[in-house]
Structure formats: structure tokens, C-alpha cells
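Chemist: Predicted coordinates and the sequence they were generated for:
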Amino acid sequence: MRLRSFVTSAFITLFLISAVSPASADAAKPGQSMTHMKTAVGVASTLEAAGVILYVQGGATAAVIGENLSAATSQVVFHIPVTANKAGVQHVGSNIIFFNSANNQQLTLKNPVIDLAKGVVSATIPQAGDAKIDVLTITNASQAKPKITNDKKAKQRTTAYTGAALVLAPGVAATIASVLGLPAGSLPDGLAFATADVTLYSKTK
């Protein structure tokens, strides 16, 4: 698959937990494409300090690496299955949720899509009038190259992209804070958010 035409949902979304707690994240099933995302060290504790819990919904799973969300080195790990194949590869039905436990306000990144050609992750935000905006920037998109493996016996091709570095796009930190009712400056602009790996499975002739 050509890098310039590669479009897949992220996300930066892979989570199915009602509350983030230590758990086992599901692995990809045979023949199922999958995005694997791991938040940067410090993101979980920064959000938790502001009363914000990060989780996913809609066919995705999440787990916590570390003692708990408030630990400085804790990370949240997501697995998001590919549920559709339109205009490339994208995750449909999996959402990333930022939930403020202090006031029950939430911000939803709905159906995130990673576009390596443009170097962004876009998503629809219902709390902002269903606007579709670039929520994350992929800082190393130009260096992303797929590793392709062909299994002739199974007639399956595996295309793997690893180490996509994701940071909050300009202005997104302020948007998250505003929607969640957090004090201005609670989240730093350009916060290093996560790294993501994407594995795509397809049939070969």
C-alpha cells in the first residue's frame, strides 16, 4: 500500500472501558486489522490531576501500564479494530473520550482517522457542533514506512506501520479544556499525546 494513500483511524482511538483500571488489552484476532496506541509518559497523570479520565468506546479496548493513572510513569494502551474500509482504512464506531469526573462533562473524538500523507489525525467532535477537525499532528509522518510481509500459505499480506508520534494539534488543548470546564492552561499546547502502530491485513491472490 502506498504511503501517500494510507488513511487509517487512530486513535487514537481504541478503548472499551467504563472506568480506566489495570486490565488486559485484547490482541488483534486473525485476519483483523488493528491500531495499537500507547499514551506518552505523563499524559495519564496530567489528565488525572485535572480530574480527567481517558478511555475508549465502541469495539476498542484499553489497559493501564503502571500502578494507576496518577503515577507519573503510567501509560494507557489502546487496541482499535478496523471496522470499515472506505477511502483507505479507517476505524468507524470507536471513539476516544476525555471525561471530567468533577462536573460530568466530556469531549468525544468520534471516528478518528489517521492520514499519514497529511500528517494529521482528524475526528468529529459532537460537543463542538459535530465539527471535524485535526486533533493530532503526526510529527514523523514523512519518515513512516510500512513493513510488508506476505504469507503465501495463508494468502495474506500484512502491512505494518510503527512508531507514529502523535501530539495535540495547535489549539486542541485549549478546546479540550474549554469543553471540559477546566482552567485555561490546564493542558499544554502541543502536548506529546501518544505513539501508534497500525497493522493491516489483506488477502493476496
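Modeler: Yes, it's here.
Chemist: what's the burial count for the residue lying closest to residue 101 once chain neighbours are set aside?
Modeler: Excluding the flanking residues, the one nearest residue 101 by CB to CB, 6 or more residues apart in numbering is residue 51, at 5.2 Å. Every C-beta, even on glycine, is put in place using the N, C-alpha and C of the backbone. As a burial measure, the neighbour count of residue 51 was computed by other CB atoms under 10 Å and equals 16.
Chemist: What does residue 51 show for phi and psi?
Modeler: phi 80, psi 20 (degrees, to the nearest 10).
Chemist: what does the model give it for pLDDT?
Modeler: Each residue has a pLDDT score; the one for residue 51 is 89.
Chemist: tell me which residues in the helix of greatest length in the chain are buried?
Modeler: The longest helix of the chain (DSSP state H) is helix 172-180. Judged by neighbour count (16 or more other CB atoms under 10 Å), helix 172-180 contains these buried residues: 172, 173, 174, 175, 176, 177, 179, 180.
Chemist: That one: what's the following helix or strand?
Modeler: Moving toward the C-terminus from helix 172-180, the next helix or strand (DSSP states H and E) is strand 192-203.
Chemist: Show me what counts as buried in that following strand.
Modeler: In strand 192-203, the ones that count as buried by 16+ other CB under 10 Å are 192, 193, 194, 195, 196, 198, 199, 200, 201.
Chemist: Please look at residue 142 and residue 164 and confirm they touch.
Modeler: No. At 11.2 Å, residue 142 does not count as touching residue 164 under the criterion of CB atoms under 8 Å.
Chemist: So these two - more neighbours on which side?
Modeler: Here residue 142 and residue 164 are compared on neighbour count by other CB under 10 Å; more neighbours surround residue 164, at 26 against 11.
Chemist: per-residue confidence for the residue nearest to the more buried one when sequence neighbours are not counted?
Modeler: Spatial nearest neighbour of residue 164, chain neighbours left out: residue 196 (4.5 Å); criterion: CB to CB, 6+ apart. Predicted confidence (pLDDT) at residue 196: the value is 92.
Chemist: So what touches the longest helix of the chain?
Modeler: For helix 172-180, the external contacting residues (CB atoms under 8 Å, 6 or more residues apart in numbering) are 50, 52, 98, 100, 103, 105-107, 125, 127-128, 133, 135-136, 168, 182-191.
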